[in-house]
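Predicted model, plus sequence, below.
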Amino acid sequence: MPPMIEIRNLTKRFGPFTAVDNVSFQVDRGEVLGFLGPNGAGKSTTMKMLTGFLHPTSGSAQVCGHDILEAPLEAKKVIGYLPEGAPLYPDMTPRTFLEFIAEVRGFSGAEKTRRVDDVIAKVNIANVASQRIETLSKGFKRRVGLAQAILHDPQVLVLDEPTDGLDPNQKHEVRNLIRAMAKEKVIVLSTHILEEVEAVCSRTIIIARGKVVIDCTPAELAARSRYHNAVTVSVAPDKANAARQGLAQLDGVQSIEDLPSKNGSTQFVLIPKPKRSIAVEVGQKVREARWEVDELRVENGRLDEVFRELTQTTSSN
Ligand SMILES: Nc1ncnc2c1ncn2[C@@H]1O[C@H](COP(=O)(O)OP(=O)(O)OP(=O)(O)O)[C@@H](O)[C@H]1O
Ligand SMILES: [Mg+2]
């Protein structure tokens with residue numbers, strides 16, 4: 001079986017400017033691929049080429065074995081695409097817009113009504129389904145866009161910043177929806193929200209200046225942070241100096257960073273040497289020394305720090 005998505009050497013130039021530079025990757029069923037990168041990195045441009053909305057300068061994109069340039073109709077049948085920004089047709093209501101999309105997708109009669117009702121419920125827009133799209137708030141417009149992307153139950157979903165502009169409750173709902181759909185689809189989404197990557201993605205590609213700079217799991221990404229396995233210690237101020245000095249001498253500890261005090265406790269972070277886990281030795285030392293420690297917290301790593309490190313040297317625009 002071919003991979004669900006196969007992108008090979010995809011390149012897009014606008015005049016002398018290269019927006020997407022020789023990008024290649026494959027995505028298989030069950031994967032939720034998070035596309036990260038600074039503004040202007042080339043995420044939307046790549047998604048537009050993958051979904052057949054923009055012609056590449058060179059390279060190819062195949063979806064479920066259909067080449068987007070050679071077999072665009074077959075490819076578009078299996079793709080649901082949420083573009084950036086608001087949906088078109090501001091004069092329509094969500095319901096008439098979705099009925100129109102359903103007809104374009106080849107549904108009629110009871111099947112059309114069932115599909116439209118179904119997506120209206122899924123993205124929670126029943127209350128505004130009869131209001132003109134241009135009068136909807138940003139988040140509701142976004143949900144209408146998402147509804148049209150999933151209406152035909154496509155095997156491949158390409159979502160350009162699906163939670164942009166949504167309130168925290170709706171972000172949560174949409175992430176749950178994505179997770180539920182991920183079981184039977186392949187999903188590629190772009191986002192600027194790093195916690196979203198940890199919440200829904202099984203894999204991350206970071207792109208900067210049109211180039212892929214890393215392709216790994218969110219956990220592997222977090223493990224590149226110098227705060228991976230770092231231990232935050234909260235201790236009574238009168239024991240702070242002793243604790244700081246004692247813990248700094250532990251074999252696995254590379255350095256200590258002070259934090260602002262919290263609820264009357266002194267706080268600092270113990271940074272481990274590369275690839276070391278220090279939680280056990282820190283816990284043992286604290287018990288032996290009988291310092292009154294309020295909290296010991298092990299960190300996973302900080303994605304924002306890794307993101308900056310990977311993208312700043314090649315930062316876009
Ligand atoms: N039609 C166009 N003509 C000229 N330049 C373009 C065109 N479309 C995109 N670009 C440029 O290509 C680069 C990549 O844009 P793209 O929209 O793919 O970035 P992005 O990663 O989606 O950014 P964002 O996070 O801001 O959405 C940008 O520098 C953009 O200005
Ligand atoms: Mg974009």
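Thanks, I have the structure now. Ligands and ions are numbered 1, 2, ... in the order given.

domain parsing for this structure?
Annotated domains of the chain cover 5-223, 231-299 [automatic domain parsing].

Tell me which of those sits most buried.
domain 5-223 (a mean of 18; mean count of other Cβ atoms under 10 Å). Where C-beta positions appear, they are placed from N, C-alpha and C, glycine not excepted.

Rounded mean pLDDT for it, please.
The average pLDDT within domain 5-223 is 94.

Tell me which of the domains of the chain sits nearest to ligand 1.
domain 5-223 (3.2 Å; Cβ to the nearest ligand atom).

Wondering if that closest one reaches ligand 2 at all.
Yes - against ligand 2, domain 5-223 shows contacts by Cβ under 5 Å from the ion at 43-44.

what about that domain, how long is it end to end?
27 Å (Cα to Cα, to the nearest Å).

Contacts (any at all) between ligand 1 and that domain?
Yes - using Cβ under 6 Å from any ligand atom, domain 5-223 comes into contact with ligand 1 via 14, 19, 37, 39-45.

List the ones among those residues that fall in strands.
Of the residues of domain 5-223 next to ligand 1, the ones assigned to strands by DSSP state E are 14, 19.

Dump the residues of domain 5-223 next to ligand 1 into CSV; add distance to residue 88 as well.
Formatted as CSV, the residues of domain 5-223 next to ligand 1 follow (distance: Cβ to Cβ, whole Å):
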residue, distance to residue 88
14, 23
19, 23
37, 26
39, 23
40, 24
41, 25
42, 23
43, 21
44, 16
45, 19
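
Determine which two of the residues of domain 5-223 next to ligand 1 are furthest apart.
14 and 37 (17.0 Å; Cβ to Cβ).

what about the strands in the stretch 151-300 of the chain?
For the stretch 151-300 of the chain, strands defined by DSSP state E, counting those that start in this stretch occupy the ranges 156-160, 186-190, 203-208, 211-216, 231-235, 253-262, 265-272, 293-298.

Relative to residue 109, which of the ones you listed is closest?
strand 156-160 (25.6 Å).

For this protein, just list every one of the helices.
Using DSSP state H, the helices of the chain run over residues 43-50, 72-77, 94-104, 109-122, 138-150, 168-182, 194-200, 218-223, 237-248, 279-289, 303-312.
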